[in-house]
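Novice: here you go, sequence then predicted model.
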Protein chains: 2
Amino acid sequence: MPGGRPRSFDADAALDRALEVFWRQGYEGTSLTDLTTAMGINKPSLYAAFGNKEELFGKVLARYLDGPGAYTAAALDAPTGREVVERLIHGAVALTAGEDTPEGCLCVKSVHAGGPDSHAVRQDAVAVRKAGEAALRRRLEQADDLPSHYEPAALAALVHTISDGIAVQAAAGRGRDELRQVADLALRALLD
Amino acid sequence: MPGGRPRSFDADAALDRALEVFWRQGYEGTSLTDLTTAMGINKPSLYAAFGNKEELFGKVLARYLDGPGAYTAAALDAPTGREVVERLIHGAVALTAGEDTPEGCLCVKSVHAGGPDSHAVRQDAVAVRKAGEAALRRRLEQADDLPSHYEPAALAALVHTISDGIAVQAAAGRGRDELRQVADLALRALLD
DNA sequence: GAGATAACGTACCGATAGGTATAAAACTTG
DNA sequence: CAAGTTTTATACCTATCGGTACGTTATCTC
């Protein structure tokens, strides 16, 4: 009883194209025409496969976390607390100033979508960020190699903050090499 | 020979209203209707007094730097390098998590306007940021009380990065009290 | 008070926003 | 091959976008 015309595009590949557009231009700066052009499909196909713009963004955000942003979860598997922090900070540079991807961080960009129609999108981004920081805090609670004056929650917040700063710097055009120096200096200040 | 009907609104006050809207909603998230409503004037008056949306934003950005953002220049007058850094970081918290102003930083938000029509605005914000950091670097070059392993340029970049991170955190909803703790912890890591 | 000047309010402009109705096309199942 | 199903492409919808033409109103100068 199924049947029907098969779709002529790869949904995952199309989602990746949508990710790149949203990542580069932000939610508000991206039109449906931008999306359909980049994805190589037309609007009815987009709506049938992904829902409206807001829902598509939700799926793109999930893919972002699962792909380019996966380092944040992976970093928590490092053996020591210091190494967790190092991986997060270096990972932020690699992500936000990567050579084959747009500059900046999709999540940070989305937090700054302030228009009336972007409320849900901003909330999504905020929720993702909060969950990530909570996971980092829990991981740091189990580390015993960090300078003793750090409370895990406070250190998690600070690492998150520095990571955000790196994303802004990348979005504002600072290059990868310079950004790596900033990251190394931050790590020395934090961990030495 | 002058004459003519006098304008029925205070241009400076209107600019302040425009500032608040842009600050809260970002450049792309703000429509002319949002602006005229907040400013209490209609479109022809807006265009006659401030030019188009892009030019208005330029004037708003200048006013932002001269008003809420003036602490960045004022901080450079502090007697010691340490105090300069402290004022900048604490000032970032006060600015981005102030109780009577929108959360976040207009300049950081504007950097994240990624749409095709926002190119000039993003460039403006980037230029302002670059100038600010250069001024900070020059000030730090003349400080002799900072930990000796800091190069002024690198420290300026790191302080700027942390300041950006604070702005993102504020935009993402972290409250003032928590943010102050983050700032204090960052200062201890940087300067102790 | 008569002109000249400039800001005002309204009503409008083309372009584009996000989103959909409709019908042709491409497949699976019987 | 015919029926049923789903995707495709085109063409269109309303609302709003940034921006402006135009006639009215208020002021200054003479």
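Specialist: Nice, I can see it. Numbering: from 1, shown residues only, chains lettered A, B, ... in the order given.

Novice: what residue ranges in chain A score low on pLDDT?
Specialist: Along chain A, segments meeting pLDDT under 70 span A:1-2.

Novice: what helix or strand does A:G173 sit in?
Specialist: Using DSSP states H and E, A:G173 falls within no helix or strand.

Novice: got the contact list for the closest residue to it other than its chain neighbours?
Specialist: Leaving out its chain neighbours, the residue that sits closest to A:G173 by C-beta to C-beta, 6 or more residues apart in numbering or on different chains is B:V126, at 5.8 Å. For every residue, glycine as well, the C-beta is placed using N, CA and C. Contacts were defined as C-beta atoms under 8 Å, 6 or more residues apart in numbering or on different chains; by that measure B:V126 touches A:A172, A:G173, B:V111.

Novice: hey, which helix is longest across chain A?
Specialist: helix A:119-141 (DSSP state H).

Novice: in that one, which residues are buried?
Specialist: By neighbour count on 16 or more other C-beta atoms under 10 Å in any protein chain shown, the buried set for helix A:119-141 is A:121-122, A:124-126, A:128-129, A:132-133, A:136-137, A:139-140.

Novice: hmm, A:V84 and A:A143 touching each other?
Specialist: Yes. Using C-beta atoms under 8 Å, A:A143 makes contact with A:V84 at a distance of 7.0 Å.

Novice: between the two, who's got more neighbours?
Specialist: Neighbours were counted for A:A143 and for A:V84 using other C-beta atoms under 10 Å in any protein chain shown; A:V84 has more, 23 against 18.

Novice: returning to that earlier point: could I get the longest helix of chain A in PDB with only the CA atoms?
Specialist: Coordinates of each C-alpha in helix A:119-141 appear next as PDB, following Å, rounded to 0.1, in the frame of the first residue of the first chain:
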ATOM      1  CA  HIS A 119      11.400  33.700  19.700                       C
ATOM      2  CA  ALA A 120      11.200  29.900  19.400                       C
ATOM      3  CA  VAL A 121      14.500  29.700  17.700                       C
ATOM      4  CA  ARG A 122      16.200  31.700  20.400                       C
ATOM      5  CA  GLN A 123      14.700  29.500  23.000                       C
ATOM      6  CA  ASP A 124      16.000  26.400  21.300                       C
ATOM      7  CA  ALA A 125      19.500  27.700  21.200                       C
ATOM      8  CA  VAL A 126      19.300  28.800  24.800                       C
ATOM      9  CA  ALA A 127      18.100  25.400  25.900                       C
ATOM     10  CA  VAL A 128      20.900  23.600  24.000                       C
ATOM     11  CA  ARG A 129      23.400  25.900  25.600                       C
ATOM     12  CA  LYS A 130      22.100  25.300  29.100                       C
ATOM     13  CA  ALA A 131      22.200  21.600  28.600                       C
ATOM     14  CA  GLY A 132      25.700  21.700  27.400                       C
ATOM     15  CA  GLU A 133      26.900  23.700  30.300                       C
ATOM     16  CA  ALA A 134      25.100  21.400  32.800                       C
ATOM     17  CA  ALA A 135      26.900  18.400  31.300                       C
ATOM     18  CA  LEU A 136      30.200  20.200  31.600                       C
ATOM     19  CA  ARG A 137      29.500  21.100  35.200                       C
ATOM     20  CA  ARG A 138      28.700  17.500  36.100                       C
ATOM     21  CA  ARG A 139      31.900  16.300  34.400                       C
ATOM     22  CA  LEU A 140      34.000  18.900  36.200                       C
ATOM     23  CA  GLU A 141      32.500  17.800  39.500                       C
END
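
Novice: quick one: is it near DNA strand C?
Specialist: No. On the criterion C-beta under 7 Å from any atom of the strand, helix A:119-141 is out of touch with DNA strand C, staying 10.7 Å away.

Novice: got the contact list for stretch A:82-95?
Specialist: A:68-69, A:71-72, A:74-76, A:78, A:101, A:105, A:136, A:139-140, A:143, A:145-146, A:155, A:159, A:162-163, A:166-167, A:170, A:176, A:179-180, A:183, A:186-187, A:190-191.

Novice: and what of stretch A:107-123?
Specialist: Under the criterion C-beta under 8 Å, 6+ apart, residues A:23, A:26-28, A:54, A:57, A:61, A:64, A:69, A:124-126, A:128-129, A:164, A:167-168, A:171, B:24-26, B:28-30, B:104, B:108-109, B:112, B:114, B:168, B:171-172 lie in contact with stretch A:107-123.
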